[in-house]
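[1] coords please:
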Amino acid sequence: MEQHSKRWKTLKSEYLFKRPWLTARRDVVQLPNGVVNNEFYVLEYPDWVNVIAITKDGLFVFVRQYRYGLDLDSVELCAGVAETGENPIESAKREFLEETGYGGGEWEEIMKIGQNPSTCNNWTHCFVATGVEKIGSQQLDHTEDIDVVLLTQEQVLDMMMRDELKQALMLAPLWRYFATNHLL
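    Have a look, this model is predicted:
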């Protein structure tokens, strides 16, 4: 695909608030055609990781937790924040072990995606881990309440097809995994 870059020029930038998990700023930007947008908002997040994990006996390791923003009980891939100083695969392995008690196996990054590139500045690194096994217990943060859910390949695909999995940053790598492995 042909490269097409029409970068905007940042004329001014001001932070509205800064928190460990979210920072918001208001920029004044000039588009290549000369138009100035005096209020362009950017949400800054740390990079994220998620893991499609499959046990030695072929079960997919998911987690179930309540999601306040959408007020729903959600079945999801294990996911979390890439901590400062960690490379994404280290973050993915750490989060996976902490949230599920599973580890080991063979790991590969299958894609890097953005949640909303128009207003968010972070990446989500998506991994597949095969041959994982239970090696410890969950080590949850005090704000986490997570159950581990083991699903068959058929159950995962059925949930995808029935629109039961709601997290877009997890569905994208799942669809890719199922498509590239000819499981659809």
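[2] quick one: the residue lying farthest from the centre of the chain from residue 9, how far?
    Distance from the C-alpha centroid of the chain, by C-alpha atoms, centre = their mean, peaks at residue 34 (35.3 Å). From residue 34 over to residue 9 the distance is 10 Å, taken as C-beta to C-beta, to the nearest Å. Bear in mind the C-beta positions are built from the backbone N, C-alpha and C, glycine included.
[3] go on, residue 51?
    Distance from residue 51 to residue 9, by C-beta to C-beta: 38 Å.
[4] helix, strand or coil for the residue farthest from the centre of the chain?
    coil (DSSP: H, G, I helix; E, B strand; the rest coil).
[5] Quick one: the strands in this structure, in order.
    Ranges of strands within the chain are 9-18, 23-30, 36-44, 48-55, 60-67, 72-76, 78-81, 102-103, 106-113, 124-134, 147-151, based on DSSP state E.
[6] In JSON lines: those strands, plus mean pLDDT, distance to residue 173 and mean neighbour count.
    Converted to JSON lines, those look like this (pLDDT from 0 to 100; distance: least, C-beta to C-beta, whole Å; neighbours: other C-beta atoms under 10 Å):
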{"stretch": "strand 9-18", "mean pLDDT": "97", "distance to residue 173": "30", "mean neighbour count": "10"}
{"stretch": "strand 23-30", "mean pLDDT": "97", "distance to residue 173": "26", "mean neighbour count": "15"}
{"stretch": "strand 36-44", "mean pLDDT": "97", "distance to residue 173": "22", "mean neighbour count": "13"}
{"stretch": "strand 48-55", "mean pLDDT": "98", "distance to residue 173": "6", "mean neighbour count": "23"}
{"stretch": "strand 60-67", "mean pLDDT": "97", "distance to residue 173": "12", "mean neighbour count": "17"}
{"stretch": "strand 72-76", "mean pLDDT": "96", "distance to residue 173": "12", "mean neighbour count": "15"}
{"stretch": "strand 78-81", "mean pLDDT": "95", "distance to residue 173": "10", "mean neighbour count": "20"}
{"stretch": "strand 102-103", "mean pLDDT": "98", "distance to residue 173": "18", "mean neighbour count": "20"}
{"stretch": "strand 106-113", "mean pLDDT": "98", "distance to residue 173": "6", "mean neighbour count": "13"}
{"stretch": "strand 124-134", "mean pLDDT": "98", "distance to residue 173": "4", "mean neighbour count": "20"}
{"stretch": "strand 147-151", "mean pLDDT": "98", "distance to residue 173": "15", "mean neighbour count": "14"}
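[7] Reformat the ones you listed into JSON lines and put distance to residue 88 next to each item.
    Converted to JSON lines, those look like this (distance: least, C-beta to C-beta, whole Å):
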{"stretch": "strand 9-18", "distance to residue 88": "23"}
{"stretch": "strand 23-30", "distance to residue 88": "20"}
{"stretch": "strand 36-44", "distance to residue 88": "17"}
{"stretch": "strand 48-55", "distance to residue 88": "5"}
{"stretch": "strand 60-67", "distance to residue 88": "18"}
{"stretch": "strand 72-76", "distance to residue 88": "18"}
{"stretch": "strand 78-81", "distance to residue 88": "11"}
{"stretch": "strand 102-103", "distance to residue 88": "16"}
{"stretch": "strand 106-113", "distance to residue 88": "7"}
{"stretch": "strand 124-134", "distance to residue 88": "4"}
{"stretch": "strand 147-151", "distance to residue 88": "22"}
